[in-house]
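pasting the sequence and the predicted coordinates here, then a few questions.
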Amino acid sequence: MPVAVQPPKLNIPSIDLSPTAGKTDDELAATLLEALNTVGFLHVLNPGAGLDLPHVRDIFAAGSELFELPLEQKEAVGFDVATGAGYTSMMGQITGAKAHRFRGDLKESFSIGPSTSASLPSLLPSESLVPRIEAFRRACFACGLRLLDLFTIALKTPDDDPKYFRSRHTYHNNESLRLIHYPSFPRATAEDEAAQGKETSWSQLKIGEQDIRAGAHQDFGSATLLFQSPPDEAGKPTAVEGLEIFVAQEDGPAEAPDGSGRKGWWIPAPQPEGLSEGGSILVNVGVSMEIWSGSQFKATWHRVVCPNPPELAAGEVLPGRKSVVFFMIPDHNVMLTPIDKSGRPAVAEGCMSSGDFYNLRMKRSYGKDEMK
Ligand SMILES: O=C(O)CCC(=O)C(=O)O
Ligand SMILES: [Fe+2]
């Protein structure tokens, strides 16, 4: 009998940033390098910078208040590709390769940034949320800078500059906070599937075989901080699964989303162990950092799926999922010149600036351009 091929085990290393965990920065950087050089994801426990569980719960509560507003109010602050800010309605974003997509992502989101902090009140339909969102955004940025300092220790950088990455990320320049809501929908029956595409409002939407909450993609900044809804006050988990990470393996059943013809597996991202009041974040690297680090850090493909039958029968309701994502993005004038293992920058010929790269990727994600 042929031996069934087993999916690889997904090992996402963790680092604990709490001062009481007693790890030196060199030790933390060594684990971070091992994680970001292989799986491309890392759990960060007790991130500090004010990102403890109560603060994370508050941003999820703020997100719920935003998403519960009437659609017209949300659409009045529609997403603007030029500023990277505003509200994106259902199916307004097509993440990843468009060629095989039946319709856009089944999600709605609020993006705050880049360069929008001063105009935040005019960008949010509810002014009372401004200070809460701004405080969270600042905390994420502080945490992102701490992580970039560990990146600098993990990699050799030009002139051994300890601020090599930090000094190329300026607050209010590019960083972007995104609150995401993947609404709850019933799964389509075969009859519903036949009528798909003719819906005139969200309330008629049903999740079909080909639907996806966020298509396969790589992030495009330097580092992404992903918060999944934290356990409630009683410690009960509230996170709804769906995030999957692509792991290449020769005998895997799935095609690599990069079109390389490689094979692999989509593996659900595990929740971190040892969740504490100090909170935890899933951190991954975007393509800017993969290029900039000379591929010593990997920008791993990921997606958010709806459970497929038989996990969810026709008519059964798929629960809503919420997440909060913070993208660290290098300053627009930074050339993404790869560094080698000894910290030397490669010849800059053909290199793109972070700004040009960012604009290109934004256009692909929200505009009509086809991905290659
Ligand atoms: O919602 C999630 O869990 C992932 C979102 C994501 O990957 C993104 O927005 O880039
Ligand atoms: Fe992502």
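Yep, it's here. Ligands and ions are numbered 1, 2, ... in the order given.

list the buried ones in stretch 32-43?
Using 16 or more other CB atoms under 10 Å as the test for burial, stretch 32-43 gives 32-33, 35-37, 39-43. For the C-beta atoms, the positions are set from N, CA and C on the backbone; glycine is no exception.

among these, which one lies nearest to ligand 1?
residue 41 (10.7 Å; CB to the nearest ligand atom).

which element is residue 192 on?
Taking DSSP states H and E as the criterion, the element that holds residue 192 is helix 190-194.

what about the helix or strand that that helix is followed by, near ligand 1?
Next helix or strand after helix 190-194 toward the C-terminus (DSSP H and E): strand 214-217. Yes. For strand 214-217, a contact with ligand 1 is found by CB under 6 Å from any ligand atom, at residue 214.

need the residues of this protein near ligand 1, please.
Applying CB under 6 Å from any ligand atom, one finds that the chain approaches ligand 1 through 178, 180, 214, 219, 226, 243, 302, 304, 323, 325.

go with 8 Å
95, 107, 109, 178, 180, 182, 213-214, 217, 219, 224, 226, 228, 242-243, 269, 302-304, 321, 323, 325, 327 (CB under 8 Å from any ligand atom).

dump the helix holding residue 192 to CSV, restricted to CA.
Taking Å, rounded to 0.1, in the frame of the first residue of the first chain, the C-alpha atoms of helix 190-194 are listed here in CSV:
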residue,chain,number,x,y,z
ALA,A,190,-25.2,23.9,-5.0
GLU,A,191,-28.2,26.0,-6.1
ASP,A,192,-26.7,29.1,-4.5
GLU,A,193,-23.4,28.5,-6.3
ALA,A,194,-25.2,28.6,-9.6
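
the residue in the stretch 201-350 of the chain that ligand 1 sits nearest to and residue 305, how far apart?
Nearest residue of the stretch 201-350 of the chain to ligand 1, counting by CB to the nearest ligand atom: residue 323, 3.4 Å away. Separation of residue 323 from residue 305 (CB to CB, to the nearest Å) stands at 13 Å.

can you tell me the closest non-neighbouring residue to residue 223?
In this structure, residue 223 finds its nearest non-sequential neighbour in residue 328, 4.4 Å apart by CB to CB, 6 or more residues apart in numbering.

can you list the weak-confidence ranges in the stretch 51-200 of the chain?
93, 96-102, 114-123, 125, 171-174, 194-200 (pLDDT under 70).

sorry, back to before: show me which of residue 323 and residue 305 is the more surrounded one.
residue 323 (25 against 17; other CB atoms under 10 Å).

ramachandran angles for that one?
Per-residue torsions, residue 323: phi -150, psi 160 (degrees, to the nearest 10).

hmm, it is touching residue 230, no?
No. Residue 323 lies out of contact with residue 230 (CB atoms under 8 Å); the separation is 10.9 Å.

spell out the secondary structure type for whichever residue of the stretch 1-150 of the chain sits closest to ligand 1.
Ranked by CB to the nearest ligand atom, the top residue of the stretch 1-150 of the chain for proximity to ligand 1 is residue 95, at 7.1 Å. Of the three states, residue 95 takes coil according to DSSP: H, G, I helix; E, B strand; the rest coil.

nearest residue to it in space, please, no chain neighbours.
Nearest one to residue 95, counting by CB to CB, 6+ apart, is residue 215 at 4.1 Å.

go on, residue 206?
Nearest non-adjacent residue to residue 206, counting by CB to CB, 6+ apart: residue 188, 3.8 Å away.

what's the burial count for that neighbour?
19.

ok, now how distant is it from ligand 1?
22 Å (CB to the nearest ligand atom, to the nearest Å).

tell me who's in contact with that residue.
196, 206-209, 314 (CB atoms under 8 Å, 6 or more residues apart in numbering).

possible to save these as JSON lines with neighbour count?
Formatted as JSON lines, these follow (neighbours: other CB atoms under 10 Å):
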{"residue": "196", "neighbour count": "17"}
{"residue": "206", "neighbour count": "20"}
{"residue": "207", "neighbour count": "26"}
{"residue": "208", "neighbour count": "21"}
{"residue": "209", "neighbour count": "13"}
{"residue": "314", "neighbour count": "15"}
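
which one in the residues you listed is the model shakiest on?
Least confident of those in the model: residue 196, at 67.

distance of the nearest residue to residue 324 once chain neighbours are set aside relative to residue 243?
Nearest non-adjacent residue to residue 324, counting by CB to CB, 6+ apart: residue 227, 4.3 Å away. The gap separating residue 227 from residue 243 is 12 Å, by CB to CB.

who touches both of these two?
With CB under 8 Å, 6+ apart, residue 227 and residue 243 have common neighbours 282, 323.

related to what we said a few turns ago, wait, isn't the residue of the stretch 1-150 of the chain closest to ligand 1 in contact with residue 218?
No. Between residue 95 and residue 218 there is no contact under CB under 8 Å: 10.0 Å.
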